[in-house]
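> Pasting the sequence and the predicted coordinates here, then a few questions.
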Amino acid sequence: MRARTRSSMQMNETDMVALRHLLRAQQRGEVVRQRDLSHMLDISSASVTALVDRLERSGHVARQPHPTDRRATVVVATAESDREVRETMAELHRRMIAVVDGMSGEQLGAVAHFLSGMVDAVQHASVERAPASAAA
């Protein structure tokens, strides 16, 4: 899904991760500075500047004055980028629901059984490896 969203929005992986982070931060009422993005993405300040410049040129983000620190600026996702992400995800969700709606109860039960088994397998593998990782 992420690759499809990135593709439809014509973004690379890092740009999309940054945009998703900004959208989530805005939902929580948090402000994000460029240095916060730099830390979160583990990229240099020069790289985050290039990233924000690119997203700003494409209309996905804007720089604004920090609400309490006159010396700082924050990066915010634009309303247009929020709408674009929501529309892309809504279409994907509609398609996924259509697949589920086309399945019988027996098919859904088989899928649920398979997924439950896979979750158990992954969780047990993680637990079994944990002591070896801790000893390293």
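Received it, and whenever you're ready, just let me know what you need.
> Could you list the low-pLDDT ranges of the chain?
1-9, 126-136 (pLDDT under 70).
> give me phi/psi at the residue located most distally from the centre of the chain?
Ranking residues of the chain by C-alpha distance from their mean position (C-alpha atoms, centre = their mean) puts residue 106 at the top, at 33.3 Å. Main-chain dihedrals, residue 106, degrees, to the nearest 10: phi -70, psi -40.
> Quickly note the distance from it to residue 113.
Per C-beta to C-beta, to the nearest Å, residue 106 is found 11 Å from residue 113. (Each C-beta comes from the backbone N, C-alpha and C, glycine too.)
> burial of residue 39, as a residue count?
11 (other C-beta atoms under 10 Å).
> who are the neighbours in contact with residue 21?
Residue 21 makes contact with 32, 37, 40, according to C-beta atoms under 8 Å, 6 or more residues apart in numbering.
> From those residues, list the buried ones, please.
32, 37 (16 or more other C-beta atoms under 10 Å).
> At the geometric centre of this structure, which residue do we find?
Mean-position check on the chain, C-alpha atoms, centre = their mean. Result residue 20 at 4.1 Å.
> now that residue: how far from residue 56?
Applying C-beta to C-beta, the value for residue 20 to residue 56 is 17 Å.
> same deal with residue 17?
From residue 17 across to residue 56, the span is 17 Å (C-beta to C-beta).
> Please say which of those two ends up with more neighbours.
Legend: neighbour count by other C-beta under 10 Å for residue 17 and residue 56, higher for residue 17 (17 against 14).
> Show me how far the strand or helix carrying residue 54 is from its chain's centre.
Following DSSP states H and E, one finds residue 54 within helix 45-57. Offset of helix 45-57 from its chain centre (C-alpha atoms, centre = their mean, to the nearest Å): 18 Å.
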